[in-house]
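Chemist: this is a predicted model, with the sequence first.
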Number of protein chains: 2
Amino acid sequence: MDASRTQPPQAKALENVSVDVVIFTLRSHDLQVCLVRRDCDPFMNYWSLPGGAVDADETLEAAAMRLLHSKTGVSDVYLQQLYTFSNPERDPRRRVISVAYFALISAEQLSAEHLDENSESLSWHSVFNLPALAFDHADIVNYALTRLRYKIEYSAVAFELMPEEFTLRELQDAYMIILDDHTLDKANFRKKIREADILEGVEGYRETGGRPAKLYRFRKDAQLEVKARRIFP
Amino acid sequence: MDASRTQPPQAKALENVSVDVVIFTLRSHDLQVCLVRRDCDPFMNYWSLPGGAVDADETLEAAAMRLLHSKTGVSDVYLQQLYTFSNPERDPRRRVISVAYFALISAEQLSAEHLDENSESLSWHSVFNLPALAFDHADIVNYALTRLRYKIEYSAVAFELMPEEFTLRELQDAYMIILDDHTLDKANFRKKIREADILEGVEGYRETGGRPAKLYRFRKDAQLEVKARRIFP
DNA sequence: TCAAAAGTGTTCAGCTTACACCCATGA
DNA sequence: TCATGGGTGTAAGCTGAACACTTTTGA
């Protein structure tokens, strides 16, 4: 979407195609998406998803990755195609179909500058309390959230949102926040993770209010399987 | 794909976007896809998926439906977006991204003329024995098949491939053909279908080699839920 | 009365769910 | 020693797989 702003139309960009990216992260016990504020019409001053044009010689995924990097400073990110939106009226200026992607970034990966809360043009918003969004971007975010929730049940994508090292409680919190279901049973959750055989213990413990919690990280070799293998039965 | 052949580029068609449709049907104990033979370069004489350009004022889904109707004479069909393919080299002539859809049609819906086996330009091929396909169409078919197999496990899409009335054995055969797994247990399959509560009995029986089989049809009100509800646990 | 296919009931293993309990730490 | 949160074991219940069995037809 909105190719003209983030990247002026060039001879070498595709005319009727754009890419929008729903970038999720977990911050302060909340699932948040990256939004940018529009500085021109239509939808001036509305928040919208990061989006832009596709170069003539790049894949859609490369375009999404490029955008992601320009907005967050991060590369090497989990990125997946979501859906292609094509309502002819979705952009009032001209016909643009938008290929939506969703990305998962851990808060750890985000550098301080990109996390600056006071930025006028880019900030992170709770998916549970979104402002009015430009174009059909509210639909896109909702769909991305639905897909994330499905995916988390059978694959290990949740780890893409976790820091390098984490406790089992922190992982369970992540699941509960994403699913918006805070009733998961601790013992059963741990058993499920143990049987999936995707974690390995690391040295050290996290200080908590009570007994210190063991730290884990994602097994490197399991990480490679994330996109392919079905982790949970 | 291949916008230039099935529909000459017009001022009102999108330049860099096309739609390809993987049309599945069940015929003679086989899962088949509809293919058209190319009559010009590139990939002259290769088989390819039905595809075409998108008009400036129609959605991608409408374009896919229009194509589907022109090739099969059928409307009111199960149609779902699959994936958007964007490799810059996928069409050697120019940059075209292709939004792939998959459609499910029962053999009953297809009129005799469209089923003509001897047609030089359009015919149905077993997914288990495909010819070499033009462009990246083999990838598209494979991906569609994977998705169909997933979907059949938790939703009622298989019914889209069945005739109006059918026996439980015929339904089980459909599942086994699609999954390419001919070991499903009869009793367990029937129990699963019964518990899903999506069928209703109709008058009459199908003559078979042994005891006649009761005929069923899909419950009309359940049909509305197909796209939304998760039928199987 | 036998073959063929429809249709049903029952057992057993494995998994999920719920819940109770113990452990380690700091105040 | 008590509150807090980490960590584990187990019994009950449910689900799915395997299989044996009965029923109804035509030859």
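Modeler: Yes, it's here.

Chemist: what is the neighbour count of A:I105?
Modeler: Neighbours of A:I105 under the rule other Cβ atoms under 10 Å in any protein chain shown: 21. Where C-beta positions appear, they are placed from N, C-alpha and C, glycine not excepted.

Chemist: that one contacts A:V77, correct?
Modeler: Yes: with contact defined as Cβ atoms under 8 Å, A:I105 counts as touching A:V77 (5.8 Å).

Chemist: need the residues touching each of those two.
Modeler: Common neighbours of A:I105 and A:V77 are listed as A:E160 (criterion: Cβ atoms under 8 Å, 6 or more residues apart in numbering or on different chains).

Chemist: how long is stretch A:23-37 end to end?
Modeler: End-to-end distance of stretch A:23-37 (Cα to Cα, to the nearest Å): 15 Å.

Chemist: hmm, who's touching that stretch?
Modeler: A:21-22, A:45-50, A:68, A:71-72, A:102-107, A:110, A:120-128, A:130-131, A:133, A:141, A:144-145, A:148, A:161-162, A:173-174, A:177-178.

Chemist: 7 Å instead?
Modeler: Here stretch A:23-37 makes contact (Cβ atoms under 7 Å, 6 or more residues apart in numbering or on different chains) with A:22, A:45, A:47-50, A:68, A:71-72, A:102-107, A:110, A:120-127, A:141, A:148, A:161, A:173-174, A:177-178.

Chemist: what does stretch A:96-105 give?
Modeler: Stretch A:96-105 is contacted by residues A:1, A:3, A:16-25, A:51, A:60, A:64, A:68, A:72, A:74, A:77-86, A:140, A:144, A:147-148, A:157, A:160-161, B:17, B:60, B:84 when judged by Cβ under 7 Å, 6+ apart.

Chemist: likewise stretch A:66-81?
Modeler: With contact meaning Cβ under 7 Å, 6+ apart, stretch A:66-81 is reached by A:19, A:21, A:23, A:34, A:50-52, A:61, A:64-65, A:99, A:101-105, A:109-111, A:114, A:122, A:157, A:160, B:83-84.

Chemist: how close does the nearest residue to A:P50 once chain neighbours are set aside sit to A:Y83?
Modeler: Setting aside the residues directly before and after it, A:P50 is nearest to A:K71 in space (Cβ to Cβ, 6 or more residues apart in numbering or on different chains), at 4.6 Å. As for A:K71, its distance to A:Y83 is 20 Å (criterion: Cβ to Cβ, to the nearest Å).

Chemist: also A:I198?
Modeler: Shown here: A:I198 relative to A:Y83, a distance of 28 Å by Cβ to Cβ.

Chemist: please apply the same query to A:Y143.
Modeler: To A:Y83, A:Y143 is 6 Å away according to Cβ to Cβ.

Chemist: ditto for A:P92
Modeler: The gap separating A:P92 from A:Y83 is 21 Å, by Cβ to Cβ.

Chemist: the more surrounded of the two?
Modeler: Set A:P92 next to A:Y83 and count neighbours by other Cβ under 10 Å: A:Y83 wins out with 19 against 9.

Chemist: check contacts around that one.
Modeler: Neighbouring residues of A:Y83 by Cβ under 7 Å, 6+ apart: A:A100, A:Y143, B:Q81.

Chemist: ok but it is inside a strand, no?
Modeler: Yes: counting by DSSP: H, G, I helix; E, B strand; the rest coil, A:Y83 is part of a strand.

Chemist: who's it bridged to?
Modeler: Judged by DSSP bridges, the bridge partners of A:Y83 are A:A100.

Chemist: shaky segments in chain A?
Modeler: Scanning chain A for pLDDT under 70 picks out A:1-11, A:112-119, A:223-233.

Chemist: give the buried residues for the helix of greatest length in it.
Modeler: If you go by DSSP state H, chain A has its longest helix at helix A:137-154. Within helix A:137-154, the residues that count as buried by 16 or more other Cβ atoms under 10 Å in any protein chain shown are A:H137, A:I140, A:V141, A:Y143, A:A144, A:L145, A:L148, A:K151, A:I152.
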